[in-house]
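> Sharing a sequence plus its predicted fold:
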Amino acid sequence: MNSFLHSKLLHNLTSKIPIRNNNSILLAISCGQDSLCLLKLFIDLQHIFKIDLGVVHIDHQWRQDTTQNTEHMLHIVKKTQCPLYLYQLKPKQYSETEFRDMRYQIYINTATNYKYDVIATAHTLSDRTETCLMNLLKGSCVDQLNSLRWQRDLSPGIKLIRPLLNFTRTEINWFCKYYKLPIWFDYTNIYYSNNRNRIRHEIIPYLKQYYQIDIEKNINIFLDRSHCETEYLRQITIKIYFLIKHPNYVAFKYKSLLKQHKCIQIRVLHLFIIHNTGVQCNYDILDQILLKLNHTKELDIINNKIIIQIDKDWAYFMLNKTGLPQKTTRRKSLA
């Protein structure tokens, strides 16, 4: 335990994401360099924190070499004497979102069943940079740019941490070579059919060469600073949401909402709709709803999904279950 990355992780675990002695930590890893770096570091620092470690690995059956990859994982974990929880998914072409949701549900179930209170993933500063650029190119809001954070609660009693979030891929590559870690090469990482790979291998190197060599460091600074601001906006959003929502109906005091800044209006409206109807609305739809609230006094249908009824000071929401525009008359007062 004498590398600068050992010291860096030690600092992260005492200041960025403090863990307690006797924590039980489930390491979600593959055979890639980031994962093996995470495993090696935690094994080396295990005695300092007196933590119990376990390893969870998911064979998603996407590649032709998954069987050999899984065998390689078994040999690696066997030497660490950590419990290994191995899962295999049916060979199917899941979307990135579907696979992420499925993966985290497996992590939660494993941690719950085997009494782990912390799940650690091997996301790095490079991953954070790539995710930020991908979401920026999609036109995402500032909240989504900062989707990779140091820690968050996954479920009651189970916390997700990303202890390598200030590690660059270059640093990790050096670490794996220095300690001769048996990395398994994932050939799908070079296919440009995956947009992340094109950002990783073309866009970021181009930006480093011609614009900013410290792009990862600078984006990290931006995300850390914006995180404080977005957290403040989230707290204000939740506070106003509870102040204006109807105690019994799916409704809120729309005039009170319209007195707020446009930024807060959008956030509160998005929270209200997703929490009460489960419908995901993009910024354009939310803006359209606010326009309706400012000018209409009659029933209206937004995007063939949401029905809005304005009655006195309240805006009542319901789902259009048919998915088709409907002609309806205005109801009597519900308040």
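On my side now, so go ahead.

> how far away is residue 306 from residue 282?
The gap separating residue 306 from residue 282 is 13 Å, by CB to CB, to the nearest Å. C-betas here are computed from N, CA, C, even on glycine.

> Of the two, which one has the most company?
Residue environment comparison for residue 306 versus residue 282 gives the larger neighbour count to residue 306, 18 against 12, counting by other CB atoms under 10 Å.

> Isn't that one up against residue 292?
No: between residue 306 and residue 292 there is no contact, the gap being 10.1 Å when judged by CB atoms under 8 Å.

> Dead centre of this structure: give me the residue that sits there.
With distances taken as CA atoms, centre = their mean, the chain has residue 147 as the residue nearest its mean C-alpha position (4.7 Å).

> So, low pLDDT: which residues of this protein?
Within the chain, the segments meeting pLDDT under 70 span 1, 91-94, 296-304, 321-335.

> let's see it at 80
Along the chain, the parts satisfying pLDDT under 80 run over 1, 60-67, 89-99, 185-194, 295-306, 319-335.

> Now do the domain split for it, please.
4-124+145-191, 245-319 (automatic domain parsing).

> ok so, going back, any chance you could read off phi and psi for the residue nearest to the centre of the chain?
Residue 147 has phi and psi values of phi -70, psi -20 when expressed as degrees, to the nearest 10.

> ok, now how distant is it from residue 270?
Applying CB to CB, one obtains 16 Å for the distance of residue 147 from residue 270.

> Generate a markdown table for the domains of the chain, with distance to residue 234 as supplementary columns.
A markdown table is the format used below for the domains of the chain (distance: least, CB to CB, whole Å):
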| stretch | distance to residue 234 |
| --- | --- |
| domain 4-124+145-191 | 12 |
| domain 245-319 | 8 |
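
> buried set for the helix or strand encompassing residue 108?
Here residue 108 sits within helix 96-113, counting by DSSP states H and E. Of the residues in helix 96-113, those scored as buried under the neighbour-count criterion (16 or more other CB atoms under 10 Å) are 99, 103-104, 106-108, 110-111.

> Can I get those residues in JSON lines including distance to residue 88?
What follows is the buried residues of helix 96-113, written out as JSON lines (distance: CB to CB, whole Å):
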{"residue": "99", "distance to residue 88": "14"}
{"residue": "103", "distance to residue 88": "13"}
{"residue": "104", "distance to residue 88": "17"}
{"residue": "106", "distance to residue 88": "11"}
{"residue": "107", "distance to residue 88": "15"}
{"residue": "108", "distance to residue 88": "18"}
{"residue": "110", "distance to residue 88": "14"}
{"residue": "111", "distance to residue 88": "19"}
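
> What is the nearest of those residues to residue 45?
Nearest to residue 45 among the buried residues of helix 96-113, counting by CB to CB, is residue 111 at 20.1 Å.

> can you tell me which residues contact that closest one?
For residue 111, the residues meeting the contact criterion (CB atoms under 8 Å, 6 or more residues apart in numbering) are 26, 117-119, 154, 158.

> Which of the residues you listed has the largest number of neighbours?
When neighbours are counted as other CB under 10 Å, the busiest of those turns out to be residue 26, with 27 neighbours.

> residues contacting residue 82?
The neighbours of residue 82, taking CB under 8 Å, 6+ apart as the test, are 27, 43, 53-55.

> follow-up on the earlier one: the helix or strand following the helix holding residue 108 packs against which elements?
Read in the C-terminal direction, the helix or strand following helix 96-113 is strand 118-120, with elements assigned using DSSP H and E. For strand 118-120, the elements it packs on are strand 24-28, helix 96-113, strand 158-161, judged by 3 or more CB pairs under 8 Å, 6 or more residues apart in numbering; DSSP states H and E.

> These into CSV, with extra columns for distance to residue 60?
Formatted as CSV, the helices and strands packed on strand 118-120 follow (distance: least, CB to CB, whole Å):
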stretch, distance to residue 60
strand 24-28, 13
helix 96-113, 7
strand 158-161, 19
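
> quick one: which of the contacts of residue 111 is nearest residue 320?
Proximity of the contacts of residue 111 to residue 320 was ranked by CB to CB; the top entry is residue 154 with 33.3 Å.

> thought the closest one was touching residue 160?
Yes: using CB under 8 Å as the test, residue 154 is close enough to residue 160 to be in contact (4.9 Å).

> any shared contact partners between those two?
Any residue near both residue 154 and residue 160 by CB under 8 Å, 6+ apart counts here, and that gives 104, 107, 119.

> What is the nearest of these to residue 253?
Within the set of the shared contacts of residue 154 and residue 160, residue 104 lies nearest residue 253; the separation is 36.0 Å, counting by CB to CB.

> any idea which helix or strand carries the closest residue in space to the closest one that isn't next to it in sequence?
Leaving aside its sequence neighbours, residue 104 sits nearest to residue 154 (CB to CB, 6 or more residues apart in numbering; 6.8 Å). Residue 154 is part of strand 151-155, with elements assigned from DSSP H and E.
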